[in-house]
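Asker: Have a look at this fold, sequence not included:
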């Protein structure tokens, strides 16, 4: 190797070494982290520190003495006590689970229906949107409590009792109770769907109109269009809405479990207190995460037909491209070979010129 | 088309094929135009559901204006015989309306402004810059949204107690300064989505002209994010306004009252407050009835209701503009 080429390589290496870490990129990364710092600090204090602490609390019995907090390590004592001998919590949590699992699909489907109705060619669209979004502004624990106390949460003119009776003959008692409770607070459930309607609506408006036109030309009915175009396109929004609904229901002041946790926290009895309440909160959040996970798995498990087809087509295209490249390479190689052979005058043409 | 129907109604025996066709098209629609029947069904559904939605509020409004006789009179369902404003006066006095209103505005407003500030900074950092661990941070943000706040509530309470900010507004200010306020993950994601759509060229141009990272954020990105800021401001305000659980816990105090209160909390304690008020008031205070508690409820939501009707355009269009659904 000549000296020059070695020098050139060294220089190149040096240049490369300068570029590789990317001073600008590093500076950008540091600035980015700087911007996110408030959140990182907040996360460290309000998420990691508190979660760790809360877990520690859950394993202890905590009593407030004039000298400060007195910890007695219990292990899983709090959890077993809550699950096996608490009079309210297990019942409430099962109730919460059934009612959430039942009401989330109702809320989401209902929001989708309203969004589709509003998405059509409708006069006073703004007015209807105004009405359907109103509950988001108004809804809060005490207001809801007040309303359901006064019986404004159900429509008295619609007799729900017959429906409930019919249901309870078919289903086991637990399920029937949950469903009848749903009917009792139907308006409240519908009230939870304000944000979801808007999210669906804006997703629906972003669907390309020409897709429907194309489907119509191919003879697709409205029903088919809904299942094959609308639903697959807004599928991610369904998941978002489901998660939002679950979080909203579980964080709502109307939720009785939250009240239970609070009252356990401030109860003066010996075995309850901060530790007991923390253990409750942990069980509760595990249940919430479980429900979110359940819905996520249900909605994400099967990719729909369209996505699968696209994936397949993409794979085929990739394969084709690879083949093409292969062919190109091979032909280039062959051309070179032929060229070489021709240079050696291996091929002889009839007039001896070497041209074909 | 209207002619076609009248024809059909009056002279059915003279229906020709084209008339039949016309009627059918009018009722069931054609490829180009939606049929009358379908439109009718859609409007009927929307109006019914709209009524169900408004039912509690209408009920609240009508019964809050009734007097005692109207309440007991079974023939009066909706429209009270006289407009009884006295209910509002009594409920307002028992809730200490003006003072609670002021405190509500402070309790909702101050953390909201800080929320907008901190969340916009964090959202910008996530949207504009590439750095290791960004995906993990986004994951944690979503996780912290799903995680019920009850898990972290008790240690937070102890923490606030230890550093002595429990029972003051600081207990709301501190987390919202650090982008951990109520529903802050949603706001961060809204800003994140929004700043991603701001063209990078704009910021690069500013930087070539000599603006630093922070300056280009304040001068270029923040002004262009006005819709997102408005969205976050409105939602944060409403959510803080309606939050009674955490407000009661951290700011107004459960065991010891700190003097801070809000309309929603006053409503929560309405019955006991009212009986106290009725005992101390010299004259004119009737005992608690449905009308008065409905009037109290109405009073507690009235400020946000007014805000909603004034700014409804921004509320309703906000979700479109903030681009939650874009990608």
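Answerer: Cool, the structure landed. Values in this document were obtained by computation on a predicted structure and should not be read as measured data.
Asker: the helices in the stretch 201-327 of chain B, which residues?
Answerer: Along the stretch 201-327 of chain B, counting by DSSP state H, counting those that start in this stretch, helices occupy B:213-216, B:222-224, B:226-242, B:245-246, B:263-268, B:270-280, B:290-310, B:312-322.
Asker: Please identify the deepest-packed of the ones you listed.
Answerer: Mean neighbour count (mean count of other CB atoms under 10 Å in any protein chain shown) peaks for helix B:263-268 among the helices of the stretch 201-327 of chain B, with a mean of 27. (Each C-beta comes from the backbone N, C-alpha and C, glycine too.)
Asker: Can you list the neighbours in contact with that helix?
Answerer: Residues from elsewhere that reach helix B:263-268, judged by CB atoms under 8 Å, 6 or more residues apart in numbering or on different chains: A:140-143, A:145-146, B:95-97, B:100-101, B:104, B:241-244, B:247-248, B:252, B:273, B:296-297, B:299-300, B:303.
Asker: can you check stretch A:116-123 too?
Answerer: In contact with stretch A:116-123 (CB under 8 Å, 6+ apart) are residues A:125, A:128-129, A:132, A:197, A:200-201, A:204-205, A:226, A:230, B:34, B:42-43, B:45-46.
Asker: per-domain residue ranges of the chain.
Answerer: Answering for chain A, as no chain was given. Domain segmentation of chain A under automatic domain parsing yields A:18-73, A:77-311.
Asker: The chain in question should be chain B.
Answerer: As given by automatic domain parsing, the domain ranges for chain B are B:2-89, B:96-268.
Asker: which one of the ones you listed has the lowest average pLDDT?
Answerer: Comparing mean pLDDT over the domains of chain B, the weakest stretch is domain B:2-89, at a mean of 72.
Asker: Can you tell me which residue of the stretch 251-356 of chain A sits closest to chain B?
Answerer: At 4.0 Å from chain B, residue A:281 is the closest residue in the stretch 251-356 of chain A, using CB to the nearest CB.
Asker: In space, what's closest to that residue - neighbours in sequence excluded?
Answerer: Counting by CB to CB, 6 or more residues apart in numbering or on different chains, residue A:281 lies nearest to residue B:150, which is 4.0 Å off, once chain neighbours are set aside.
Asker: got it, and residue B:126?
Answerer: residue B:192 (5.0 Å).
Asker: And the one you found, which helix or strand is it part of?
Answerer: Under the criterion of DSSP states H and E, residue B:192 resides in helix B:184-197.
Asker: relative to helix B:226-242, how tilted is that helix?
Answerer: Here helix B:184-197 points in a direction 180 degrees away from that of helix B:226-242 (axes from the mean of the first three to the mean of the last three CA atoms, to 10 degrees).
Asker: Which secondary structure elements does helix B:184-197 sit against?
Answerer: Counting contacts by 3 or more CB pairs under 8 Å, 6 or more residues apart in numbering or on different chains; DSSP states H and E, helix B:184-197 packs against helix B:97-128, helix B:134-146, helix B:226-242, helix B:312-322.
Asker: for the residue of the stretch 51-200 of chain A found nearest chain B, what are its contacts?
Answerer: Evaluated by CB to the nearest CB, the stretch 51-200 of chain A has residue A:140 as its residue closest to chain B, separated by 3.3 Å. Taking CB under 8 Å, 6+ apart, we find residue A:140 in contact with A:253, B:241-244, B:264, B:301.
Asker: swap the cut-off to 6 Å and go again
Answerer: Applying CB atoms under 6 Å, 6 or more residues apart in numbering or on different chains to residue A:140 gives the contacts B:242, B:264.
Asker: Helices - which of the contacts of stretch A:116-123 land there?
Answerer: Judged by DSSP state H, these include A:125, A:128-129, A:132, A:197, A:200-201, A:204-205, B:42-43, B:45-46 as members of helices.
Asker: Thanks a lot, see you next time.
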